[in-house]
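Q: Sharing a model prediction with you, sequence too.
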Amino acid sequence: MKTKNKLLTLLILSASAAAATAVLNKCIKLSATSKNLLADTKAQCYKWRFGNIHYTKTGTGKPLLLIHDLAAHASGYEWNQMINLLKDHYTVYAIDLLGCGRSEKPDLTYTNYLYVQMISDFIKSEIGHRTNVIASGASSALAVMACNNAPELFDQLMLINPDSLLTCSQIPNKHGKFYKFILDLPVIGTLLYHIATSKKAIREEFTKDYFSNPYSVKASLIDAYYESAHLGDSPKSLYASVKCNYTKCNIANALKKINNSIYIVGGRDIENIEDMILEYQRYNPAIESSYLSHSKHLPQLENPSELLHTIQMFFV
């Protein structure tokens, strides 16, 4: 009898804890998205087969596609400052990748191949011409693979602080698959995601990794990224796929084959950035490169004027 009572008490406590956690998760999501900072009345929608893709289009001239960093809780918001600087020279397209920002966030496992198809389909459907592409961070590998897969859609590629080739080639291991299983759980997985994407965690990423000058990180920027990380049906699904290496792909062979012009921009204050760029150039000696002073991972936000000068120099 005592054992039954203990089990019943344990069951009630467990159910109560799960219910309380679910309510907490709901409150965090509502609070994070309450400011509606990423609303954009001029935004357009590309109805892709796996979900609607949010993008903006502005300016005149040759098409230029901007692809935000896949691994930074980001969206096309990453390019807001650059769009204003570029729109007088190019027709600028800035997309929110599936699972990011204002695009749909379906509950699925996101892979490199999924994004390769998405980028190619977007260029064919919405741009309709060979286009120059600027990709940031982890999305650089997506642009390289998409260009290798359909070179007729691409003109020149600029990669801003791409992942090292070793990082790109990682695959899901047993620990990664188990962690993804935990993150996919509806209550505890969502709570872990909310902890990983708290304002404090995002602020630490910006001050330690993304910006060279931590004092230039504005509260409004953190708020926008915080909102972006909590919009949509299942924002944790992409986070789980990225963290557990489902979006990675070995791009070494693609780099060897590509005949398109490639230019790599590195933040001067990133550790070992010179070695990383040399690694790319060993596989494709035609790759050009330069460094941006006083910059780390996101010069498009920290040092847009110097980045603009580099863009204009390359996309002549």
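A: That came in fine, so what should we check first?

Q: So Gln300 sits against Asn161, correct?
A: No. Counting by CB atoms under 8 Å, Gln300 stays clear of Asn161, with 10.0 Å between them. C-betas here are computed from N, CA, C, even on glycine.

Q: Overlap in contacts, these two.
A: Ser136 (CB atoms under 8 Å, 6 or more residues apart in numbering).

Q: Extract the CA atoms of the helix or strand Asp275 falls within and return them as PDB.
A: Element membership of Asp275 [criterion: DSSP states H and E] is helix 273-283. As requested, the backbone C-alpha atoms of helix 273-283 are provided in PDB (Å, rounded to 0.1, in the frame of the first residue of the first chain):
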ATOM      1  CA  ILE A 273      41.500  33.200 -39.400                       C
ATOM      2  CA  GLU A 274      44.600  33.200 -41.700                       C
ATOM      3  CA  ASP A 275      45.000  29.400 -41.400                       C
ATOM      4  CA  MET A 276      41.300  28.800 -42.200                       C
ATOM      5  CA  ILE A 277      41.500  30.900 -45.400                       C
ATOM      6  CA  LEU A 278      44.800  29.200 -46.500                       C
ATOM      7  CA  GLU A 279      43.000  25.900 -46.100                       C
ATOM      8  CA  TYR A 280      40.300  27.000 -48.600                       C
ATOM      9  CA  GLN A 281      43.000  28.300 -51.000                       C
ATOM     10  CA  ARG A 282      44.900  25.000 -50.900                       C
ATOM     11  CA  TYR A 283      41.800  23.300 -52.400                       C
END
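
Q: List the buried residues for it?
A: Buried residues in helix 273-283, counted by 16 or more other CB atoms under 10 Å: 273, 276-277, 280, 283.

Q: Would you enumerate the residues in contact with the closest residue to Cys100 other than its chain neighbours?
A: Distances taken as CB to CB, 6 or more residues apart in numbering place Ser75 nearest to Cys100, at 5.4 Å, with adjacent residues excluded. By CB under 8 Å, 6+ apart, the contact set of Ser75 is 38, 54, 68, 96, 100-103, 228.

Q: And Ala196, how far from Ala240?
A: 10 Å (CB to CB, to the nearest Å).

Q: Specify the angle between the very next helix or strand once past the helix holding Asp275 and helix 273-283 in degrees.
A: Tracing the chain past helix 273-283, the next element assigned as helix or strand by DSSP H and E is strand 288-292. Following axes from the mean of the first three to the mean of the last three CA atoms, to 10 degrees, one obtains 170 degrees for the angle between strand 288-292 and helix 273-283.

Q: and for the following helix or strand past strand 288-292, what are the contacting residues?
A: Sequence-wise, the next helix or strand beyond strand 288-292 is helix 299-302, with elements assigned using DSSP H and E. Here helix 299-302 makes contact (CB under 8 Å, 6+ apart) with 78-79, 81-82, 136, 160-161, 210-213, 216, 221, 265, 267, 292, 294-296, 306-307.

Q: try it again with 6 Å
A: 82, 211, 267, 292, 295, 307 (CB atoms under 6 Å, 6 or more residues apart in numbering).

Q: how about the helices in this protein?
A: Assigned helices in the chain, in chain order: 2-33, 80-86, 112-122, 139-149, 165-168, 174-184, 188-196, 199-205, 219-228, 235-243, 252-257, 273-283, 299-302, 304-314 (criterion: DSSP state H).

Q: Just send these back as TSV, with mean pLDDT and distance to Trp48 too.
A: Shown next, in TSV, are these (pLDDT from 0 to 100; distance: least, CB to CB, whole Å):
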stretch	mean pLDDT	distance to Trp48
helix 2-33	67	23
helix 80-86	94	22
helix 112-122	97	6
helix 139-149	97	14
helix 165-168	94	24
helix 174-184	93	23
helix 188-196	93	24
helix 199-205	94	27
helix 219-228	93	19
helix 235-243	94	15
helix 252-257	95	23
helix 273-283	96	30
helix 299-302	96	25
helix 304-314	94	27
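
Q: rewinding a little: Ala196 and Ala240: who's more crowded?
A: Taking neighbours as other CB atoms under 10 Å, Ala196 and Ala240 compare with Ala240 leading, 22 against 15.

Q: which residues sit in contact with the nearest residue to that one once chain neighbours are set aside?
A: Of all residues not flanking Ala240 in the chain, Leu183 sits nearest, at 4.0 Å (CB to CB, 6+ apart). When contacts are counted by CB under 6 Å, 6+ apart, Leu183 touches 189, 236, 240.

Q: and if you look at Val92?
A: 58-59, 64, 83, 86.

Q: Which strand residues bridge it?
A: Thr58, Leu64 (DSSP bridges).
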